[in-house]
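[1] Let's see this in three dimensions:
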Amino acid sequence: MSDRFGRWALSLLMFSAVSCQKQSDNTRRTTAPTLNPDAPPASSDSVSKPTPNPVPNPGANPGPNPSPTVPPRYYAYVGGGSGQIGIYKFEVPAGTLQSVKTVPLNGAVTSFMAFHPTSPWVYVVNESGTGAVMAFSINPESGDLTKLNEISSNGGGPTHVSVDHSGKYVMTANYGTGEINSFAIQSDGRLGPAIASTIAGQNAHQILSAPVGTAVFVPCLGSNYLAQYTLNTQTGQLTALTPPTLNLVTGGPRHMAFHPAKPWAYVLKELNSTIQAVSFNEATQQLQLLGSAISTRPVPTPGTNNTGAEVQVHPNGNFVYTSNRGDNSLALFTVNTDGTLTFKSATPTGGTIPRHFSIVPNGKWILAANQDSGNVTVLELNPETGALAAKGAPTSFGAAQFVEVIDLNRYKK
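    The predicted structure follows:
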């Protein structure tokens, strides 16, 4: 009896030890590895059982939550030869413009505007008279404009204005005299007098900073080249690069636009309605021709005098658009893997002489400023194919030469 009891007790102890060892092994196997080395190890319960929905505790600290997505507040600013700036709210998804205010400017020809990247300021050229550039503050809530100051453009026929990447300088191109200038932006957004003034070439039509570095490029329509400079972000001086120009031979280069992600840019030639791809060397800050220029027109209409006006690259980098004045259309190109372009189609803008257009930041709309018909038209854009389709009725604006859509949220603190 005693021996049988002893053997039974010994068997029971051995069984218990094996059982405990198996349970310990199972526990180790079911402990989930963590991707965060600073996080506590997960328990077997958290792995083997679904986590229940937490019960809200009004008195508990909820911890950091991601900020809700703020919907964009798109506003369109329209300028031209009617002596005023129009302010409109652009409604999506309807694709409509609602007038907010008209700012009278005593006969100024407001042919181009440049919005500061971080501060609520906008700079506007005035082509009338001897030429000027105006500074305005933007109300981030209402979109309204308040004039800060106006100074001489230091050249005749200012046709383009831009803000450099540092946000410290405004630069202008004067078509009439070929001069380019830089101006220091004061702490309150006002402009100081011209810092640098130099002749870039005949009919300087645009002044544009490279996406990286300090290079500045000036398409000179009458000289058939791109003038190349570097901007000293400490002094505001513009110094010619070596070589100082990229020769485009013919066609009258008017405007250019950089690709958002690749080292490419696209130069629109006004006089022969062609577009030329160029490559940008970030190390040397120089441009080189990329392939050959191609037409912005599917089939030139006999007897139609067409000129190119504006070029822009879609935010996704897949498409390039140009405006045709005469054919009154927007041409669509697809971007090839080597940076060259392939013409796809041309879509009427719904107005005559589309001088400028703006791609809405969400990449789903284009607004066109039609100078001779005196209106702004809206086209819906398919971001998958690049195709355009007219949307709604035109919005009247006398001698419309410029339109830009921005999200006012960019200026909210």
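[2] Low-confidence regions, this structure specifically.
    Within the chain, the segments meeting pLDDT under 70 span 1-68, 300-301.
[3] and with 50 instead?
    Residues of the chain meeting the criterion pLDDT under 50: 1-66.
[4] Helices of that one, start to end?
    Counting by DSSP state H, the chain forms helices over residues 2-30, 44-48, given from the N-terminal end onward.
[5] which residues in the stretch 51-200 of the chain form strands?
    Residue ranges of the strands in the stretch 51-200 of the chain, as given by DSSP state E, counting those that start in this stretch, are 74-80, 84-91, 96-104, 112-115, 121-126, 132-138, 145-152, 158-163, 169-174, 179-185, 191-199.
[6] now the stretch 251-400 of the chain
    Secondary structure of the stretch 251-400 of the chain, counting by DSSP E, counting those that start in this stretch: strands at 253-258, 264-269, 274-281, 286-295, 307-313, 319-325, 329-335, 341-348, 354-359, 365-370, 375-381, 388-396, 400-407.
[7] Direction included, what does the first one pair up with?
    Spelled out, it's strand 253-258. Strand pairing for strand 253-258, determined by DSSP bridges: strand 264-269 (antiparallel).
[8] same thing with the longest one?
    For strand 286-295, the pairing partners within the sheet under DSSP bridges are strand 274-281 (antiparallel).
[9] Show me which parts of the partner strand are buried, residue by residue.
    Within strand 274-281, the residues that qualify as buried by neighbour count (16 or more other CB atoms under 10 Å) are 274, 275, 276, 277, 278, 279, 280. In short, each C-beta sits where N, CA and C put it, glycine included.
[10] Go through these and name the one nearest residue 267.
    Distance to residue 267 across the buried residues of strand 274-281 (CB to CB) is lowest for residue 276, with 4.6 Å.
[11] Residue 356 versus residue 341, what's the distance?
    According to CB to CB, to the nearest Å, residue 341 and residue 356 sit 20 Å apart.
[12] For residue 408, which of the strands of the stretch 51-200 of the chain is the nearest?
    Evaluated over the strands of the stretch 51-200 of the chain, closeness to residue 408 peaks at strand 74-80, with 5.5 Å, by CB to CB.
[13] Sheet partners, orientation included, of the closest one?
    Paired strands of strand 74-80, with direction, are strand 84-91 (antiparallel), strand 400-407 (antiparallel) (DSSP bridges).
[14] got the angle between that strand and strand 375-381?
    Interaxial angle, strand 74-80 versus strand 375-381 (axes from the mean of the first three to the mean of the last three CA atoms, to 10 degrees): 140 degrees.
[15] residues making contact with strand 74-80?
    When contacts are taken as CB atoms under 8 Å, 6 or more residues apart in numbering, the neighbours of strand 74-80 outside the stretch itself are 85-92, 97, 100, 109-113, 122, 124, 143, 358, 360-361, 367, 369, 371, 376, 397-408.
[16] Right, I'll leave it there.
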